[in-house]
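Participant: have a look at this prediction, sequence included:
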Amino acid sequence: MGSLKQGKEIHAHAIVRGLHSNPFVGGALVEMYCKCRDLKAAQMAFDGVPEREAATWNALISGYTHCNQIENARILLQRMNEGGFEPTIYTWNGIIAGQVENGLYESALQLFSNM
């Protein structure tokens, strides 16, 4: 919990300085919240980044899959594609690894074949 508290303090500083919407800072915040398993805060940080990079998408997709929110990860992957972003090897790795971690082997194999 100490890490989450410190992360929220860093997020607050980023907001005060107007850095939270920067793709790199926003992506780091998304990843931090995902690692702390605070997906609501991760989604809010993601939503605060108007011009997202692939890494921003990948951080939230991986966070959802690692927390067994597979449907949210699939929806986000679809939104990523609709937004003009091609999934990278990191996107596929994150979503497939998350599915394997959650015992969804057939789904992981299907995604692997879709690569």
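Facilitator: Yep, it's here.
Participant: and the gap between residue 48 and residue 111?
Facilitator: 28 Å (C-beta to C-beta, to the nearest Å). Every C-beta, even on glycine, is put in place using the N, C-alpha and C of the backbone.
Participant: next one: residue 77
Facilitator: Look at residue 77 and residue 111: by C-beta to C-beta, they are 9 Å apart.
Participant: for residue 38, same thing?
Facilitator: From residue 38 across to residue 111, the span is 26 Å (C-beta to C-beta).
Participant: ok, now residue 5?
Facilitator: 35 Å.
Participant: got any ranges where this protein has weak pLDDT?
Facilitator: Applying pLDDT under 70 to the chain picks out residues 1-2.
Participant: neighbours of residue 53, just the number please.
Facilitator: Residue 53 sits with 15 neighbouring residues when counted by other C-beta atoms under 10 Å.
Participant: look up the closest residue to it, ignoring the ones flanking it.
Facilitator: residue 23 (4.4 Å; C-beta to C-beta, 6 or more residues apart in numbering).
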